[in-house]
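Participant: Got a predicted structure here, sequence first:
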Amino acid sequence: MVTTRARAKRVRKGDDTGQSDPAAKAIAERSGSSANSEGNDAGSGDQGLAKASSLDGAGGSPDADLQEKVGTDVASEEPAAKQAKTSHQGDASESRSSPEHTSPTGGDQSQAESPKGTTNNSSSGDVPADSKDPVESGKVFFFYRPRVGLDHVGKLEDVQRFYLLLEPSQPGSKSRLIVIGKKRLPAISNHERYFAFVEAVAEDKGTLLQGMGVQRYQTTTMGERVVGACRAAGEGAYSILEHGSGTNFVYRLELPTEPGEAQRMCGIELEGSFGLSVKNPNKTSTPAVGLKEKADLPEALEDEFQGYAWIAARDPKLLDYERVELLFVGASKDLAAELGSAGAQVVEVAKADEGNPEELKREIHAEEIGLQIEPAETGAVV
């Protein structure tokens with residue numbers, strides 16, 4: 001007998017029409033293989049990423065802002081009563097009459113309904129309730145990559161991709177490279193909501209860093225194309241915390257000690273908290289949105305969704321699979337005020353380990369790979 005789960009996986013995998021797994025190609029290319037593009041030069045400077053992140057729609061360019069493909073079905077599988085419990089009081093003006101609500105002007109569709117178990121908290125004077133012990137903690141590195149053919153970045157429009165590289169401190173945990181839509185973190189002040197996804201996973205961050213240097217690939221129309229190396233925009237301490245009915249991704253910068261122009265461009269505050277949710281890869285959206293290739297999770301992890309389209313990231317193993325789709329919701333710039341002692345602990349860890357440029361160079365193998373650290377060191381945009 002073919003189970004419903006098996007049929008769903010078969011349908012999901014059948015979208016490729018038998019082609020080889022794009023994520024497998026992406027990992028191979030990130031390990032040092034040169035990308036081999038056959039004329040697919042739609043502004044892409046990262047062919048591995050282009051293959052791993054093909055978006056539904058009319059041949060979505062790998063350069064397209066990911067938030068334009070974020071689903072408007074964020075709460076489509078959530079009972080109305082539970083939506084009401086998890087909504088932030090400041091969001092009361094948002095329409096909740098339809099789970100598929102979209103902006104009538106066709107604007108930023110990343111302003112989606114709150115997923116199950118996600119709180120959109122802000123430090124509005126309420127007494128903070130201490131969060132539970134961290135789900136996960138470790139180091140976070142911020143990177144951006146220039147567009148194909150550009151040697152210098154002067155503004156956000158010159159950026160090809162914005163990444164978070166997470167290096168958990170828990171034994172046996174995997175490092176992850178996460179792509180954030182709109183090429184920056186969502187603004188905290190107005191609780192922006194951005195789509196993101198796990199691009200690559202490895203046993204150590206060194207494997208992920210190998211794919212972040214200069215890339216060269218051939219096209220049939222323009223010959224060799226060159227994409228500049230990633231720029232380090234900062235490093236810090238991070239935690240994923242249970243808070244209220246959801247989970248928050250929180251960080252505090254170690255380097256630079258004060259945000260500069262590069263950090264402002266990428267939406268990186270000195271410290272920040274974001275509601276974090278994980279999308280069920282077996283839930284489809286109408287119209288089809290998100291990544292064309294969905295994550296293939298083990299059955300035990302799929303069962304954690306219990307039929308919901310989105311859940312809180314209480315199990316960090318959910319982030320250990322490529323193409324897992326995420327939602328980041330800006331929550332607060334004051335970790336201690338929002339999260340109590342758990343937030344204050346992240347701040348203290350970062351303050352105790354405030355980085356220096358030479359240490360960052362060693363940590364990310366900057367000289368070996370050819371990564372620039374000036375944005376993290378001075379705050380300058382390069």
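Facilitator: Done, it's in.

Participant: Name the single longest helix found in the protein.
Facilitator: helix 341-352 (DSSP state H).

Participant: Share the number of residues neighbouring the closest residue to Glu167 other than its chain neighbours, please.
Facilitator: Spatial nearest neighbour of Glu167, excluding adjacent residues (Cβ to Cβ, 6 or more residues apart in numbering): Lys139 at 4.4 Å. Glycine gets a C-beta too; all of them are placed from N, C-alpha and C. Residues within reach of Lys139, counting by other Cβ atoms under 10 Å, total 22.

Participant: Report all helices and strands that the helix or strand hosting Lys139 contacts.
Facilitator: Using DSSP states H and E, Lys139 sits in strand 136-146. Contact partners of strand 136-146 among helices and strands, from 3 or more Cβ pairs under 8 Å, 6 or more residues apart in numbering; DSSP states H and E: strand 159-168, strand 231-243.

Participant: Could you identify which of these is most buried?
Facilitator: Among the helices and strands packed on strand 136-146, strand 231-243 has the highest mean neighbour count (mean count of other Cβ atoms under 10 Å), at a mean of 26.

Participant: so after it, what's the next helix or strand?
Facilitator: strand 246-255.

Participant: so when I look at Glu367, I'm seeing a helix, right?
Facilitator: Yes. According to DSSP: H, G, I helix; E, B strand; the rest coil, Glu367 belongs to a helix.

Participant: ok, now which ones touch it?
Facilitator: Taking Cβ atoms under 8 Å, 6 or more residues apart in numbering, we find Glu367 in contact with Lys361.

Participant: how does it look with 10 Å?
Facilitator: Contact analysis of Glu367 by Cβ atoms under 10 Å, 6 or more residues apart in numbering lists Lys361, Ile373.

Participant: distance of it from Leu209?
Facilitator: Separation of Glu367 from Leu209 (Cβ to Cβ, to the nearest Å) stands at 12 Å.

Participant: again with Ile369
Facilitator: 6 Å.

Participant: With neighbour numbers in mind, choose between the two.
Facilitator: Between Ile369 and Leu209, Leu209 has the larger neighbour count (other Cβ under 10 Å), namely 24 against 16.

Participant: can I assume that one is in contact with Phe141?
Facilitator: Yes. Here Leu209 reaches Phe141: they are 8.8 Å apart, a contact under Cβ atoms under 10 Å.

Participant: which neighbours do those two share?
Facilitator: Contacts common to Leu209 and Phe141, judged by Cβ under 10 Å, 6+ apart, are Leu165, Ser175, Leu177, Cys230, Glu363, Ile364, Leu371.

Participant: Neighbour-wise, give me the winner out of those.
Facilitator: Ranking those using other Cβ under 10 Å puts Cys230 first, with 30 neighbours.

Participant: can you pull the contacts of that residue?
Facilitator: 46, 141-146, 160-163, 165, 209, 211-215, 364, 366, 369-372.

Participant: end-to-end on stretch 319-329?
Facilitator: Counting by Cα to Cα, to the nearest Å, you get 17 Å between the two ends of stretch 319-329.

Participant: same question for that stretch, mean pLDDT?
Facilitator: In this model, stretch 319-329 carries a mean pLDDT of 98.
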